[in-house]
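Visitor: Structure for the following, please:
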Amino acid sequence: MASDRILDILCPMHLTVDATGQIRHVGPTLAKLRIGDPLVGKRLLDVFDLHRPQGVGMMSDLLAIAGRKLQLRFREPPHTSLKAVLVADETGGAILNLSFGISVVDSVRDYHLTNADFAPTDLTVEMLYLVEAKSAAMQASRLLNERLQGARMAAEEQAFTDTLTGLKNRRAMDHVLSRLLATDQAVSVMHLDLDYFKQVNDQHGHAAGDHVLKQVAQRMLEVTRENDTVVRFGGDEFLLIFPQLTDAEKLSQLAQRLIERIERPVAFADNICRVSGSVGIAMHDGLTPKSAEQIITDADDALYRSKRKGRACYSFHGQTGHDKRTA
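Guide: Residues are numbered from 1 along each chain as shown. Purely as a prediction, here's the structure:
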């Protein structure tokens, strides 16, 4: 029979046992799986739990099934599962050659194995290279997909965002309103127009006007809820969308706070800029079909009622306008 030295090279996961089942020699890779717990001198069936075939409890039983595939695992943790084949030798003992089978990837990681731990002709090494290459390719693919997803989300966000104020734009407004109406949700819309904004541009320049718009946008965000949508409708006009809010009293209070916030002076350079806000409110109960265009038109009609009443006030569509100072 082959010497232990030769078997260590050709079958580094082998072990040899005598006729009583006592382990005489262990290949270098198999020994690496039990560093600090030498296997030599122990009985084979005390080290391994034989799963297949069942009913094998003695060395004589193992020798009787020499050449058959065996499935076993270590009795002590870690309970690594192994495949094996046993061949009897001329001494009455046997050589048992083991392999990791499908658990090889986990075993290489758990036991810190390298290609030097496998026989030079073992295809496991090539398979591990393929697994590593596939893992690297999948990781690169995941990173690329994440970057593409991030870029897509950023592009979509940019497409829905007003570049000056950071608010949503009309494209986003169409999307939000269409979604709410498609699900028959109650919704209210405020159309807000800045009063005296032209005077700010004329007296202090467009840079001052842009600064005022940014400040007004921030103040509207501070007043509204997280699930509300604030839209720069165009120029100095804004649209505010309130899902699940059709309570006239709450909307009145909200409009009042908006007008009060907007009226606060805005400092720009050495100048103080002052604007106010006129508001038109349209409510939709979600029970009767109504288009987004019609709701916006209703809010627009209410806005012009506020403008005619003297500005800096709010009005509901179909109702009498409310001056902010007496509401």
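Visitor: show me where pLDDT drops low in the protein?
Guide: Within the chain, the segments meeting pLDDT under 70 span 1-2, 125, 127-134, 153-157, 320-327.
Visitor: Domain-wise, how is it divided?
Guide: 4-119, 122-159, 170-323 (automatic domain parsing).
Visitor: Highest mean neighbour count out of those?
Guide: Comparing those by mean neighbour count (mean count of other Cβ atoms under 10 Å), domain 170-323 comes out on top with a mean of 18. C-beta: built from backbone N, CA, C; applies to glycine.
Visitor: Quickly find the element holding the residue nearest the centre of the chain.
Guide: Centroid-nearest residue in the chain: Glu146, 9.3 Å away (criterion: Cα atoms, centre = their mean). Assigned by DSSP states H and E, Glu146 belongs to helix 123-159.
Visitor: Stretch 176-192: end-to-end distance?
Guide: By Cα to Cα, to the nearest Å, the extent of stretch 176-192 from end to end equals 18 Å.
Visitor: repeat for stretch 178-193
Guide: Using Cα to Cα, the two ends of stretch 178-193 sit 23 Å apart.
Visitor: cool, stretch 5-14 as well?
Guide: 11 Å.
Visitor: Tell me which stretches of the stretch 201-327 of the chain form strands.
Guide: 229-234, 237-243, 266-268, 271-273, 276-284, 313-316, 322-323 (DSSP state E, counting those that start in this stretch).
Visitor: Can you check which of those gets nearest to Asn201?
Guide: strand 271-273 (9.7 Å; Cβ to Cβ).
Visitor: next one: that closest one to chain centre, how far?
Guide: Offset of strand 271-273 from its chain centre (Cα atoms, centre = their mean, to the nearest Å): 45 Å.
Visitor: same thing with stretch 257-275?
Guide: The answer for stretch 257-275 is 41 Å, by Cα atoms, centre = their mean.
Visitor: End to end on that stretch, go ahead and measure it.
Guide: One end of stretch 257-275 to the other measures 15 Å (Cα to Cα).
Visitor: what's the answer for stretch 196-212, then?
Guide: Using Cα to Cα, the end-to-end distance of stretch 196-212 comes out at 11 Å.
Visitor: Same check on stretch 16-30?
Guide: Between where stretch 16-30 begins and where it ends, there is a gap of 12 Å, by Cα to Cα.
Visitor: which residues are contacting that stretch?
Guide: The contact list for stretch 16-30 (Cβ atoms under 8 Å, 6 or more residues apart in numbering) reads 4, 7-8, 11-15, 38-45, 47, 58-59, 62, 89, 91-96, 98, 113, 117-118.
Visitor: Among the residues you listed, name the ones in helices.
Guide: Asp4, Leu7, Asp8, Leu44, Leu45, Val47, Met59, Leu62 (DSSP state H).
Visitor: Wait, the last one touches Ala88, no?
Guide: No - at 9.2 Å, Leu62 and Ala88 do not qualify as touching, with contact defined as Cβ atoms under 8 Å.
Visitor: Mind putting the strands of the stretch 201-327 of the chain into TSV with distance to Thr297?
Guide: Output for these, formatted as TSV (distance: least, Cβ to Cβ, whole Å):
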stretch	distance to Thr297
strand 229-234	13
strand 237-243	12
strand 266-268	31
strand 271-273	31
strand 276-284	8
strand 313-316	14
strand 322-323	20
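Visitor: Looking at the ones you listed, which is nearest to Gln54?
Guide: Short answer: strand 237-243, nearest of the strands of the stretch 201-327 of the chain by Cβ to Cβ, at 64.6 Å.
Visitor: Tell me which other helices or strands the closest one touches.
Guide: Other elements packing on strand 237-243 under the criterion 3 or more Cβ pairs under 8 Å, 6 or more residues apart in numbering; DSSP states H and E are helix 170-182, strand 187-195, helix 206-223, strand 229-234, helix 248-262.
Visitor: what about 7 Å?
Guide: helix 170-182, strand 187-195, strand 229-234 (3 or more Cβ pairs under 7 Å, 6 or more residues apart in numbering; DSSP states H and E).
Visitor: Report the angle between it and strand 276-284.
Guide: Relative orientation of strand 237-243 versus strand 276-284 (axes from the mean of the first three to the mean of the last three Cα atoms, to 10 degrees): 40 degrees.
Visitor: Run through the residues that contact the residue lying closest to Ser99 once chain neighbours are set aside.
Guide: Among residues not flanking Ser99 along the chain, Lys83 sits closest, at 5.1 Å (Cβ to Cβ, 6 or more residues apart in numbering). Each residue near Lys83 by Cβ atoms under 7 Å, 6 or more residues apart in numbering is listed here: Lys69, Gln71, Leu98, Ser99, Gly101.
Visitor: what's the answer for Leu239, then?
Guide: Contacts of Leu239 (Cβ under 7 Å, 6+ apart): Met173, Val189, His191, Val231, Phe233.
Visitor: cool, Gly57 as well?
Guide: Gly57 neighbours (Cβ under 7 Å, 6+ apart): none.
Visitor: Quick check: it vs Leu240, distance?
Guide: With distances taken as Cβ to Cβ, to the nearest Å, Gly57 is found 80 Å from Leu240.
Visitor: All set now, cheers.
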